[in-house]
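A.B. asks: sequence unknown, structure follows:
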């Protein structure tokens, strides 16, 4: 992906989605290794990186870049869960469920996320102690 500042694990998320922001906070608090980095899909940084690999910056999905590979939707969520402390990596067993079914559920939540979880007027700025984890 080129210019990821040597970041091996990067989460692209909808920066104005209440659910997405809550998910990012959830991940931050459970990724004690601080190995995960974040960037809102609305940022120029995200748009430039995704354009380089010919991926549309669709804010309907989370995208996870891990060591040169891109994961989308439910695959991204399950891969991210593997990076968290506690029992969260156990959710990776859900990979046995066919992707079309997992992504169908993912798409239903994504379609209604603003209605159910709210939409922020703009992307939130990270707190000073988290600023180095946001690109």
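C.D. replies: Looks like it came in fine. All figures in this text were calculated on a predicted structure; none of them were measured in a lab. Numbers count the residues shown, from 1 in each chain.
A.B. asks: which residues in this protein form helices?
C.D. replies: Applying DSSP state H to the chain gives helices spanning 18-30, 44-52, 73-81, 99-117.
A.B. asks: where does pLDDT dip in the chain?
C.D. replies: Judged against pLDDT under 70, the low-scoring parts of the chain cover residues 1-6, 57-59.
A.B. asks: contacts made by stretch 97-113 with the rest, please.
C.D. replies: Counting contacts by C-beta atoms under 8 Å, 6 or more residues apart in numbering, the residues outside stretch 97-113 that touch it are 14, 17-20, 60-61, 73-75, 77-78, 94, 116. (C-beta placed from N, C-alpha, C; glycine too.)
A.B. asks: list just the nearest of these to residue 131.
C.D. replies: Each of the contacts of stretch 97-113 was scored against residue 131 by C-beta to C-beta, and residue 20 proved nearest at 18.5 Å.
A.B. asks: got the contact list for the closest one?
C.D. replies: Taking C-beta under 8 Å, 6+ apart as the criterion, residue 20 is in contact with 13-14, 62, 113.
A.B. asks: separation between it and residue 41?
C.D. replies: 9 Å (C-beta to C-beta, to the nearest Å).
A.B. asks: ok, back up a step: for residue 132, state which of the contacts of residue 20 is nearest.
C.D. replies: Within the contacts of residue 20, distances to residue 132 taken as C-beta to C-beta reach their minimum at residue 13, with 17.2 Å.
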